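Visitor: My questions are about this predicted structure, shown below with the sequence.
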Amino acid sequence: MKLSPRLLTISSQVTKGSIVADIGTDHAYIPIYLVEKGICPKVIATEIGEGPFKRAKAEVQKRGYTDKIQMRIGDGLKPLKVGEVDTVIIAGMGGLNIIEILSNSREKAIKINKFILQPMVAQKELRKYLITHGYKIIDEESCLEDDKFYEIIIASQGHQDCWDDIWYELGLRLFEKRHELFEQFLDKKISTIDKIITGLERGKSVHAENKLKSLKHRRQQYLEVKKCLQKPRQ
């Protein structure tokens, strides 16, 4: 099984020997890869809809892994039994959806050692939720696929001090380890905010002026982070 850069980066965060649940597995590519490479002895793959569930199940059957990949249908963590997996992957959905999944099955979530989360949007909100609800962000990864940056958040149970707001957006762990894509990711953020600022500067409304002030402050924060990247780590 050959994975895309996004799915390969997610899979690389799985500890060998883990029992994994892939929530919203889509085509079951990650479970198949984990079993095929001997990383996991068993994977539970879930889907919420009948159509995607049947499609993933057919893929698992075609590959001959029905003895190692167990397909289940249901919403979020609900198809899982308490304590039957040590690692959960939730990838390819919005950060707010991931928050809802964790919130709706708190009694199951607190028994899971490791979460590998890849939100498509609302990364900031997800990081903030984790740190303020009994999780700690132990690592972060990033990859580039088709000119789009993907952020992967690795979390576990435990207390963590709150971060400054800018790090919920950018990912403190990515900055701390000077991830090879971080500066490029930051440059794209600056470019995007510059375009928005240019558009707002043409407006005359009070709302536009307030928004402009907020965006210029955020842009300055980006530039300060970029300057810090040039300094040697202590």
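Guide: On my side now, so go ahead. Numbers count the residues shown, from 1 in each chain.
Visitor: use CA for all of it now, contacts and neighbours both
Guide: Noted.
Visitor: Looking at the backbone only, give me phi and psi for the residue most central in space within the chain.
Guide: Central residue of the chain (CA atoms, centre = their mean): Gln118, 2.0 Å from the mean position. Note on Gln118: backbone dihedrals following degrees, to the nearest 10 are phi -130, psi 90.
Visitor: doesn't Ala91 make contact with it?
Guide: Yes: contact criterion CA atoms under 8 Å: Gln118 and Ala91 qualify, at 4.4 Å.
Visitor: and the closest residue to Ile39 other than its chain neighbours, how far is that from Asp86?
Guide: In space, Ile39 comes closest to Lys16 once its chain neighbours are excluded; the distance is 4.6 Å by CA to CA, 6 or more residues apart in numbering. With distances taken as CA to CA, to the nearest Å, Lys16 is found 12 Å from Asp86.
Visitor: One more: Lys42?
Guide: For Lys42, the distance to Asp86 - CA to CA - is 11 Å.
Visitor: shared neighbours of the two, anything?
Guide: Common neighbours of Lys42 and Asp86, using CA atoms under 8 Å, 6 or more residues apart in numbering, are 18-20.
Visitor: Quick one: list the elements packing against the lowest-mean-pLDDT helix or strand in the chain.
Guide: Least confident element among the helices and strands of the chain, by mean pLDDT, DSSP states H and E: helix 206-229 (a mean of 92). Judged by 3 or more CA pairs under 8 Å, 6 or more residues apart in numbering; DSSP states H and E, helix 206-229 is in contact with helix 182-200.
Visitor: Any chance you could list what contacts the helix it packs on?
Guide: The contact list for helix 182-200 (CA under 8 Å, 6+ apart) reads 142, 149, 170, 174-175, 208-209, 211-212, 215-216, 219, 222, 226, 229.
Visitor: Pipe the shared contacts of Lys42 and Asp86 into JSON lines and attach distance to Ile112 per row.
Guide: Output for the shared contacts of Lys42 and Asp86, formatted as JSON lines (distance: CA to CA, whole Å):
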{"residue": "Ser18", "distance to Ile112": "11"}
{"residue": "Ile19", "distance to Ile112": "10"}
{"residue": "Val20", "distance to Ile112": "10"}
